[in-house]
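S.K.: Any chance you could fold what I've pasted below:
(one chain, ligands or ions: 1)
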Amino acid sequence: MTDHVNNKTTTNGHIQDKLVQDSITNNQDITAQVKALQNTTANAHNVNSIDNNDFTHVEDLPIGTPQGQQTTMSNANTQSSTTNNAAQANAQTTKQTLFNQRDDINNPHTSDTDGNEETHFGYKTVNKAEKQARVADVFTSVAKKYDIMNDLMSFGIHRLWKRYAISLSGVRAGQHVLDIAGGTGDLAKVFSREVGRNGKVVLSDINAAMLEVGRERLINAGCNNVDFVLANAETLAPFDDNSFDLLTISFGLRNVTDKDAALKSMYRVLKPGGRLLVLEFSKPIFEPLSKAYDLYSFTALPIMGKLIANDAESYQYLAESIRMHPDQQTLKQMMQQAGFENCDYHNLTAGIVAVHRGFKA
Ligand code: SAM
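M.R.: Residues are numbered from 1 along each chain as shown. Got it, this is the predicted structure:
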């Protein structure tokens, strides 16, 4: 933890006690999940062969799904809107299409706009125009196993990191919250309860498969104040200026092609007085831990990915993308450049993860 965390008052000491308590509870959940997983793995061949057919799709949701819960395609520009409508139409005729499509929602990087400009995809160098589709492939591939993999890979600690970020959010009843790159909805689920029925939460992600898992999960949990919106963090095109009290992006930013553009878009949609929280892997501040962590990430993660999600490559990307992400100080400066004020960060688990916080004046 940094000084920010060390200097916390007894109130935060109390919060941390609660976090530990939660971790004990969650570990029990994990044990149950691991047992369930053993059954799943035993049937792995069957599961893989019917992967795309045993999934509840948006169009299959029961009649009476709460009002306002729309999976919305961005209509920010006519061309991508047309593409998206076509994708929706196809998805209705063949379910397979929805999960095999390479999500190109509002890809702002094309060979016309960016030429051959390059960026990184993990340790690989790729054209900017290509990165979004490659990231889409990763999350489309892992969506159904994403939650259990998170628990297994982090030993459940990702839940503590998320709870810590939420404890910094200052969220209140009646507020409007946008969870960007929100995937399967861990944060949105908590915010839904915190903002209450006069508030609103938007769970947003670029990837239809991830959002679908989140939507099903939150509807099952009775969250009826949540909207589900497909959107690219880089543009946040479906959202008006100054429209949210709180923005969160958890383990999402490192996947975005142009992070500066994303931070500027976040600043645009945040209300004056509102705050942004970025929870992301960062740079460990303790060298011996850093070495052990590297060893774990580059050996265990791909093996677990192969065994559980039948996808070693995506988890290799995960490890590489973490190393390529800006460190604590660099990200803080990027937030300041995007216009955020009073930016600070809090290291968690010795800087393996950090929560950055910034405000719009
Ligand atoms: N926030 C969730 C959590 O903490 O568990 C999900 C994090 S998951 C590692 C990363 C998410 O970022 C994926 O759901 C992915 O589809 C999404 N994502 C990647 N690039 C994105 C982009 N440009 N705009 C919006 N979401 C994006």
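S.K.: quick one: secondary structure of Leu247?
M.R.: Classification of Leu247 using DSSP: H, G, I helix; E, B strand; the rest coil returns strand.
S.K.: how much space between the nearest residue to it once chain neighbours are set aside and the ligand?
M.R.: Distances taken as C-beta to C-beta, 6 or more residues apart in numbering place Leu276 nearest to Leu247, at 4.6 Å, with adjacent residues excluded. Bear in mind the C-beta positions are built from the backbone N, C-alpha and C, glycine included. To the ligand, Leu276 is 14 Å away according to C-beta to the nearest ligand atom, to the nearest Å.
S.K.: Ok, Ala208 next?
M.R.: 9 Å.
S.K.: what's the answer for Phe228, then?
M.R.: 12 Å.
S.K.: Which neighbouring elements make contact with the host helix or strand of that residue?
M.R.: Element membership for Phe228, per DSSP states H and E: strand 226-230. On a contact count with 3 or more C-beta pairs under 8 Å, 6 or more residues apart in numbering; DSSP states H and E, strand 226-230 meets strand 71-72, strand 200-205, helix 208-220.
S.K.: Am I right that Leu307 is in a strand?
M.R.: No - read with three-state DSSP, Leu307 is helix and lies in no strand.
S.K.: That one: neighbouring residues, count only.
M.R.: Leu307: 13 surrounding residues under other C-beta atoms under 10 Å.
S.K.: Kindly report the same for Tyr293.
M.R.: For Tyr293, the tally of surrounding residues (other C-beta under 10 Å) stands at 19.
S.K.: Identify each buried residue in the helix or strand harbouring it, please.
M.R.: In this structure, Tyr293 sits in helix 287-295 according to DSSP H and E. By neighbour count with 16 or more other C-beta atoms under 10 Å, helix 287-295 contains the buried residues Tyr293.
S.K.: who are the neighbours in contact with the nearest residue to Pro272 once chain neighbours are set aside?
M.R.: Spatial nearest neighbour of Pro272, chain neighbours left out: Lys360 (5.5 Å); criterion: C-beta to C-beta, 6+ apart. Counting by C-beta atoms under 8 Å, 6 or more residues apart in numbering, Lys360 touches Tyr267, Leu270, Lys271, Pro272, Gly273, Gly274, Arg275, Leu276, Gly339, Phe340, Glu341.
S.K.: Show me just the buried residues among those residues.
M.R.: Buried members of these, scored by 16+ other C-beta under 10 Å, are Tyr267, Leu270, Lys271, Gly274, Arg275, Leu276, Gly339, Phe340.
S.K.: follow-up on the earlier one: the residue nearest to Leu247: what secondary structure?
M.R.: Per three-state DSSP, Leu276 ends up strand.
S.K.: So what pairs up with it in the strands?
M.R.: Taking DSSP bridges as the rule, Leu276 bridges to Leu247, Gly358.
S.K.: Looks like it contacts Gly339 (just checking).
M.R.: No - under the criterion of C-beta atoms under 8 Å, Leu276 is not in contact with Gly339, lying 10.2 Å apart.
S.K.: any idea which of the buried ones among the contacts of Lys360 is closest to Ala136?
M.R.: Comparing these against Ala136 with C-beta to C-beta places Leu276 closest, at 23.9 Å.
S.K.: and the strand holding Phe228, how far from the chain's centre?
M.R.: 13 Å (C-alpha atoms, centre = their mean, to the nearest Å).
S.K.: Now do it and helix 208-220, the angle between them.
M.R.: Here the directions of strand 226-230 and helix 208-220 differ by 170 degrees (axes from the mean of the first three to the mean of the last three C-alpha atoms, to 10 degrees).
S.K.: Give me the sheet partners of strand 226-230 and which way each runs.
M.R.: Checking strand 226-230 against DSSP bridges gives partners strand 71-72 (parallel), strand 200-205 (parallel).
S.K.: pLDDT averaged over it - what is it?
M.R.: For strand 226-230, the mean per-residue pLDDT is 96.
S.K.: buried set for that strand?
M.R.: For strand 226-230, using 16+ other C-beta under 10 Å, the buried residues are Val226, Asp227, Phe228, Val229, Leu230.
S.K.: ok so, going back, which of the helices and strands packed on strand 226-230 sits most buried?
M.R.: Across those, averaging neighbours per residue (mean count of other C-beta atoms under 10 Å) puts strand 200-205 on top, at a mean of 28.
S.K.: Now find how far off-centre that one is within its chain.
M.R.: That offset, for strand 200-205, works out to 11 Å (C-alpha atoms, centre = their mean).
S.K.: residues contacting Gln175?
M.R.: Val195, Gly199, Asp245, Leu246.
S.K.: can you list the residues of the protein near the ligand?
M.R.: Within the chain, the positions near the ligand by C-beta under 6 Å from any ligand atom are 135, 139, 181-184, 186, 205-207, 210, 232-234, 250-252, 255-256.
S.K.: Buried residues, stretch 147-154. List them.
M.R.: Result for stretch 147-154 [16+ other C-beta under 10 Å]: buried residues Asp147, Ile148, Met149, Asn150, Asp151, Leu152, Met153.
S.K.: The ligand: which of these is nearest?
M.R.: Asn150 (6.2 Å; C-beta to the nearest ligand atom).
S.K.: Surely that closest one is within a helix?
M.R.: Yes - Asn150: assigned to a helix according to three-state DSSP.
S.K.: ranking the contacts of Gln175 by neighbours, who comes first?
M.R.: Top of these by neighbour count (other C-beta under 10 Å): Leu246, with 24 neighbours.
S.K.: On the three-state scheme, the closest residue to that one other than its chain neighbours is what?
M.R.: Nearest non-adjacent residue to Leu246, counting by C-beta to C-beta, 6+ apart: Val177, 4.6 Å away. Here Val177 is strand, with the state taken from three-state DSSP.
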